[in-house]
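Engineer: One predicted model, sequence on top.
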Amino acid sequence: MAFTRRLWEDLKACKKEFCLFDDYNWDWTLQHLSSKCVPGQIRVLKIKATRVFHMGECGVHHKGKNCHPDEKKKKVEEIIETNKHNFFPNVLSVGGYSKFKLRDPKPNGGWGDLRDRNLCLSFVPDKQE
């Protein structure tokens, strides 16, 4: 992940909103900041297709339903083989802006421990310090 110094300064100014938003996923927290605290909207450059695959059919969100990791691995390997010619393009094109208006996400929890929040807040000192 990379961002400008200006965005870093904006994020630091939003430290309370960041550290106190009760969601264990920092990406949802950044989306929250984009709608509530950061001036303007955070713009992101994203790829059309991923190189990261979720293997979590056996994980927390699925509770053992359809838990076949070997089948999932095989399917991912097939996708990679079929698309390997796209992995290292010589040209990068930027396609424009999304037409979708992002909503402020509801917090998913998992970030309510006061110790975590205080540690997070301690990383950016208040301006008086």
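Structural biologist: All right, it came through fine. Numbering: from 1, shown residues only.

Engineer: and the longest helix along the chain, how far from the chain's centre?
Structural biologist: Looking across the chain with DSSP state H, the single longest helix is helix 69-83. Centroid separation between helix 69-83 and its chain, computed with Cα atoms, centre = their mean, to the nearest Å, is 24 Å.

Engineer: what residues does that helix touch?
Structural biologist: For helix 69-83, contacts defined as Cβ atoms under 8 Å, 6 or more residues apart in numbering pick out Ala49, Phe53, Met55, Glu57, Cys58. C-beta coordinates here come from the backbone N, C-alpha and C atoms, glycine included.

Engineer: Kindly report the same for stretch 119-129.
Structural biologist: Under Cβ under 8 Å, 6+ apart, the answer for stretch 119-129 is Lys12, Lys15, Lys16, Phe18, Cys19.

Engineer: Report the mean confidence score over that stretch.
Structural biologist: Mean pLDDT, stretch 119-129: 83.

Engineer: how about that stretch: buried residues?
Structural biologist: Cys120, Val124 (16 or more other Cβ atoms under 10 Å).

Engineer: Equivalent analysis for stretch 8-16, please.
Structural biologist: Neighbour counts over stretch 8-16 (16+ other Cβ under 10 Å) mark Asp10, Leu11, Ala13, Cys14, Lys15 as buried.
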